[in-house]
Each structure stands twice: as C-alpha cells, then as structure tokens.
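**Q** Here is my input; please provide its structure:
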Amino acid sequence: MKKQIYIALDVKSKDDAIRFLKINQLQGVPVKVGMQLFYREGPELIKELKGSGHPIFLDLKLHDIPNTVYQSMKSLAALEIDLVNVHASGGLDMMRAAKDGLVGVCGERAPKLIAVTQLTSTSKEMLSKELLIDRPMEQVVDSYALSAKRAGLDGVVCSVWEAKQIKESCGESFLTLTPGIRLEDDDAHDQKRVSTPSEATYSNYLVIGRSITKAKDPKSAYERALREWNYEHRKTIN
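**A** Here you go, the predicted structure:
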C-alpha cells in the first residue's frame, strides 16, 4: 500500500494555494483541503488541483443526520477526490449512509472514506470534563475505529499514538491517517497529541501543515518528512 504525506493547505484562498505549490515546486504532491479553504473556494479549487495531478484529501468531517450526510456525500463524490471523512461519533447509520452516498455515485471508484475518532486537539481532560466520556482515550478511539470498520469504512483519522492498537483491532488493511505531525523542534500550536514522522510507523497517511508550509524551504521540508517516515517504517517491517 502506497504511503503518502498530504500537505495541509491551510491558506486563505485558491490563489494562495496554487501559488504556494507552484513556487515551491510541489507539483503533484498529495494535498489536504479543509473547511476554511473549501467553504471559500468550493469545487473549482478541487477541479484545479485535480487538473494539476494532486491527490486530494477533502477534510470536511461531516457529522449530521444520516440522510443529510448521504446527500452531501453524493455531491462530494462527483469531485473525484481521493479521501473524504466523517465523524465516527455520528454513529453507525450515519457512517453507512456516507458510504452509500459515495458508492452510489462512483461505484468501485469511490473515494476512500475514513472516520475521525478524536481530534488531535482533544486532551484526556477535555474528554472527561467537557465531553463527559469517562473511558481512557485509547479505549474510546479503538471503539470508534471498530464502529467505522463495521460500517464499511476504509479507515480512520487518529493520532500516531493510537494507530498501532487500531491496526491490531481492525486489521492491517484498515487505513490509518494521522494529523498532528511536526518535524523535530517545531511548535505543537493548538494540537495536544502530536508526533514526528519517525514516530508514525503504523500510519498509512500523514497530514503535515505548518512544518512544511511555514518552513523556509517547503520542498526540502516535505522531502525530509518523507525520508524520516519511510526510513523508520522500513526499520519496523524488516
């Protein structure tokens, strides 16, 4: 299975995104488009990125009643994205509806559908005091992952620290995408459960934002992340 790093295009506009990729010679690299950029620019951005050969993770984290998510996924399926996600906390029926919406439009060519377990900004204290979930983070994430698998999804969004357990519970073919990745010495900012590429040995996909987009040489930072990740992964499987 091909391992990919998605660059988080956390910029203000389509022009900013296209300019960043062009100036830094990042043609064809996988990119993540989140709510901020998609809600501003819409499908035209996705079409332009696809036209330039970029695999796309559309990170909208849908979470609504099953029928609304079903209809939304039917619309998103037409964009020919590669990855899209929902919140696992929406439940089995919602996740199944999301999958049905994608498959109904694209059939076997449907985008990979993954579920967010817990955001990397969620701490143990927030889990218990604000969300009123009294189970350990690892147990909650693992339970959500198992629900996503039962719903027919392809994988989950999780932190590096939960990816190994998810693989053991759900199988090696169940995809793990991990955000919250920072290169050594970079600031964690608003994320709590962060890690470096070299620690992501059980992840199929990584999402990296500021460590690349704010680097003095973004292309070199991207290539460094790939080297560190793939080197550690080879050590793990050999």
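
**Q** Please count neighbours and contacts with C-alpha atoms only from this point.
**A** Noted.

**Q** From the contact counts, what lies against the strand or helix carrying E168?
**A** Element membership for E168, per DSSP states H and E: helix 160-170. Counting contacts by 3 or more C-alpha pairs under 8 Å, 6 or more residues apart in numbering; DSSP states H and E, helix 160-170 is packed against helix 137-150, strand 175-178.

**Q** Please tell me how far K124 sits from I65.
**A** From K124 over to I65 the distance is 27 Å, taken as C-alpha to C-alpha, to the nearest Å.

**Q** Of those two, which one has the most company?
**A** K124 (17 against 14; other C-alpha atoms under 10 Å).

**Q** show me the contacts for the more buried one.
**A** Shown in contact with K124 (C-alpha atoms under 8 Å, 6 or more residues apart in numbering): 136-137.

**Q** Tell me where the chain has strands.
**A** For the chain, applying DSSP state E gives strands covering 4-8, 31-34, 56-62, 83-87, 112-116, 155-157, 175-178, 205-208.

**Q** which of the ones you listed is buried the deepest?
**A** strand 155-157 (a mean of 28; mean count of other C-alpha atoms under 10 Å).

**Q** how much space between S13 and S128?
**A** In terms of C-alpha to C-alpha, S13 sits 37 Å off from S128.

**Q** pretty sure G104 is touching K74, no?
**A** Yes - using C-alpha atoms under 8 Å, G104 makes contact with K74 at a distance of 7.3 Å.

**Q** With neighbour numbers in mind, choose between the two.
**A** K74 (19 against 15).

**Q** I figured the more buried one hits G101, correct?
**A** Yes - under the criterion of C-alpha under 8 Å, K74 makes contact with G101 at 4.7 Å.

**Q** what are the bridge partners for the closest residue to F174 other than its chain neighbours, then?
**A** Nearest non-adjacent residue to F174, counting by C-alpha to C-alpha, 6 or more residues apart in numbering: G155, 5.0 Å away. Note on G155: beta-bridge partners I114, L175, judged by DSSP bridges.

**Q** Please enumerate the shared neighbours of G104 and K74.
**A** Taking C-alpha under 8 Å, 6+ apart as the criterion, G104 and K74 do not both touch any residue.
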